[in-house]
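Novice: Coordinates for the following, if possible.
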Amino acid sequence: MTSNITIEDTLVADSGLACLYFQRNGQRISPWHDLPLWADRKAEILKMVVEIPRGANAKMEITKEITFNPIKQDIRDGKPREVADVPPFQGYPCNYGAIPQTWEDPTAIDLYTGVVGDDDPLDICEIGTGMAQCGEVKKVKPLGTFVVLDEGSTDWKIIAVDVTDAHAESLADIQDVETQFPGFLESLKTWYCVYKVPDGRSPNRLALDGRLMNRQFALRLIGHCHEAWKPRKGFPNCD
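Specialist: Down below sits the predicted model:
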């Protein structure tokens, strides 16, 4: 956890579910808007807010509609949302979360997909071997990206590794992932296409024929989504 950032674990009154608020020096902050994008700008190391640890099933997410944007479990059809196990994975296949101070604009057509953004911060998949905790703030090295078309919206997935992971030094770009984790990225792309199907929903689709884009592309995308985010700070419920 980042120095002087703590988690306030409360219960949502109408559901009894956990709601994780972020605090800095005892004052509530937004993990989306108040945490910095960069842990080290010169070294191009990002901050990552972990929403769902690898292996977990509960669909936890930063909540846009609540002031200070706490992390809580998504509700669908009146029930807490759980992600089904999809072989070869149990629960989520990676440490999954969001990149602070980024936004996929739902009013702008994505240059590469021709489809608008999903109205969320950029998703990030941390693929190292360590186990994360919900609400943890990690320092990660971006490696590349691919893009999913999710219910009519563009949804980029940034691939990254925790800078403290044993594999971090061996992973400099997206092509290195296959060497260290053979077959993992193909399985991850397939998982993102089918993980909603057990709930009776339609599969997602990969854009760009599922192509894996490299680190420099991912960094440009992150910069673009950071610029898109800047006006978002003034929107309602973005304290």
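Novice: From now on I want contacts and neighbour counts done on CA atoms only, so please keep to that.
Specialist: Fine.
Novice: where do the strands sit along the chain?
Specialist: Ranges of strands within the chain are 5-11, 18-24, 27-29, 38-40, 45-52, 60-62, 71-73, 75-76, 79-80, 95-98, 123-126, 137-150, 153-162, 205-206, based on DSSP state E.
Novice: Please go through this protein and pick out the longest helix.
Specialist: Longest helix of the chain, by residue count under DSSP state H: helix 215-229.
Novice: Next, the angle strand 153-162 makes with that helix.
Specialist: Interaxial angle of helix 215-229 relative to strand 153-162 (axes from the mean of the first three to the mean of the last three CA atoms, to 10 degrees): 120 degrees.
Novice: distance between helix 215-229 and the chain's centre?
Specialist: Distance, stretch centre to chain centre, for helix 215-229: 14 Å (CA atoms, centre = their mean, to the nearest Å).
Novice: Now do the contacts for Leu212.
Specialist: Listed by CA atoms under 8 Å, 6 or more residues apart in numbering, the contact partners of Leu212 are 144-146, 174.
Novice: Enumerate the positions of the worst-scoring helix or strand of the chain on mean pLDDT that are buried.
Specialist: None of the helices or strands of the chain scores lower by mean pLDDT, DSSP states H and E than strand 5-11, at a mean of 86. Neighbour counts over strand 5-11 (16 or more other CA atoms under 10 Å) mark 5-7 as buried.
Novice: Dump it to PDB, keeping only the CA atoms.
Specialist: What follows is strand 5-11, C-alpha atoms only, in PDB (Å, rounded to 0.1, in the frame of the first residue of the first chain):
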ATOM      1  CA  ILE A   5      -2.900   5.700   2.100                       C
ATOM      2  CA  THR A   6      -5.200   3.500   4.300                       C
ATOM      3  CA  ILE A   7      -8.500   1.600   3.600                       C
ATOM      4  CA  GLU A   8     -11.700   2.200   5.500                       C
ATOM      5  CA  ASP A   9     -13.800  -0.900   5.400                       C
ATOM      6  CA  THR A  10     -17.500  -0.100   5.800                       C
ATOM      7  CA  LEU A  11     -20.800  -1.800   5.100                       C
END
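Novice: of all the buried residues of strand 5-11, which comes closest to Val86?
Specialist: Ile7 (30.6 Å; CA to CA).
Novice: Tell me what the closest one is bridged to.
Specialist: Beta bridges link Ile7 to Phe22 when assigned by DSSP bridges.
Novice: likewise Gln73?
Specialist: Going by DSSP bridges, Gln73 forms beta bridges with Met60.
Novice: I figured it hits Ile52, correct?
Specialist: No. Checked against CA atoms under 8 Å, the pair Gln73 and Ile52 is beyond contact range at 9.8 Å.
Novice: Comparing the two, which shows the higher neighbour count?
Specialist: Ile52 (28 against 21; other CA atoms under 10 Å).
Novice: low-scoring stretches of this protein, by residue?
Specialist: 1-3, 12-16, 234-239 (pLDDT under 70).
Novice: Residues in contact with both of Gln73 and Ile52, list them for me.
Specialist: Common neighbours of Gln73 and Ile52 (CA under 8 Å, 6+ apart) are 58-61.
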